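*Asks:* My questions concern the predicted model and sequence given below.
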Amino acid sequence: MFEVSQVKVYVSDGKEVVKGVSLSFSKPGIYVIMGPNGAGKSSLVNAIMGHQGYVVEGRIVLNGEDITKLPTHEKARKGITLAVQMPIEIEGVRVAEILTRIIKRFRGITKSEEASRLARELLSIVGLPEDFLYRYFMVGMSGGERKRLELVRVIAQKPKVALLDEPDSGVDVESMPLIARAIKKLRDEGAIVILISHQPRLFEYLEPDEVYVMYDGRIVLKGGLEVIKLIEEKGYTWIAQKSGGGKQP
């Protein structure tokens, strides 16, 4: 069980960017948050993760425990992780070292050979060759390669809650089914996947359990694939007006 209850988020200048969002997830699945730029989607997931620069009011609860005030590293230990839009480059540290350390820490694997084997398997899920293990982490990689490797890093942690901030942005058409495969892997391993996306194309390969629309810092609509079709046809302003100008359902 993962619950966000009446969460408000303020940025460094005191502006309120998330205005009382409540979400509840009782089982593993793929839960999509869509909305226009500036709606507060990225601020919400970054605040949930505990990143600096955000002040949070409300409650964030994982399996009955209030984790709202925990620092980011403690939330990671509890089983929450975030795939960011722009993964950073780490010069001098190879992909193999990062992935094997994560696998050992979060999956209870002690043997390096077994951790390395799993790292290779995870790379194959997103269509990255084995020689990526010997490259420096994210260095010199294309946007699509970075997004896919970031998802490998998330899968390696075997999270209870995976927050994915636009893993499909800036990737080519051929990468879409690979991104979808990684998201399904997270769900199949028992994660609650909260996916921020602007790309209707991704949902040719995924069927989300629920879709939420965020507008002006609030959840204004929820449903299934029909919500995505409405967005494609009519945009976001119409949805906000229909839902009462931004009141959470």
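*Replies:* Sure, I can see it.
*Asks:* Centroid-nearest residue for this structure?
*Replies:* L164 (1.3 Å; CA atoms, centre = their mean).
*Asks:* Next one, pLDDT for it please.
*Replies:* On the pLDDT scale, L164 is placed at 98.
*Asks:* Go ahead and confirm it touches V154.
*Replies:* Yes. Assessed by CB atoms under 8 Å, L164 is found in contact with V154 at 7.3 Å. Yep, even glycine has a C-beta here, placed from its N, CA and C like the rest.
*Asks:* Can you tell me the SS state at the residue nearest to V56 when sequence neighbours are not counted?
*Replies:* Computed as CB to CB, 6 or more residues apart in numbering, the closest residue to V56 that is not its neighbour in sequence is A47, at 5.0 Å. Look at A47: counting by DSSP: H, G, I helix; E, B strand; the rest coil, its state is helix.
*Asks:* Now name the helix or strand holding the residue lying closest to E130 once chain neighbours are set aside.
*Replies:* Leaving out its chain neighbours, the residue that sits closest to E130 by CB to CB, 6+ apart is R120, at 5.3 Å. R120 is part of helix 112-125, with elements assigned from DSSP states H and E.
*Asks:* Only C-alpha atoms, please: export that helix in PDB.
*Replies:* Backbone C-alpha positions of helix 112-125 (Å, rounded to 0.1, in the frame of the first residue of the first chain) are rendered in PDB as follows:
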ATOM      1  CA  SER A 112      29.700 -10.800  -7.800                       C
ATOM      2  CA  GLU A 113      29.300 -13.300 -10.700                       C
ATOM      3  CA  GLU A 114      25.600 -13.700 -10.100                       C
ATOM      4  CA  ALA A 115      25.200  -9.900  -9.800                       C
ATOM      5  CA  SER A 116      27.000  -9.400 -13.000                       C
ATOM      6  CA  ARG A 117      24.900 -12.000 -14.800                       C
ATOM      7  CA  LEU A 118      21.700 -10.200 -13.600                       C
ATOM      8  CA  ALA A 119      23.100  -6.900 -14.800                       C
ATOM      9  CA  ARG A 120      23.600  -8.300 -18.300                       C
ATOM     10  CA  GLU A 121      20.100  -9.700 -18.300                       C
ATOM     11  CA  LEU A 122      18.600  -6.300 -17.300                       C
ATOM     12  CA  LEU A 123      20.500  -4.500 -20.000                       C
ATOM     13  CA  SER A 124      19.100  -7.000 -22.500                       C
ATOM     14  CA  ILE A 125      15.500  -6.100 -21.400                       C
END
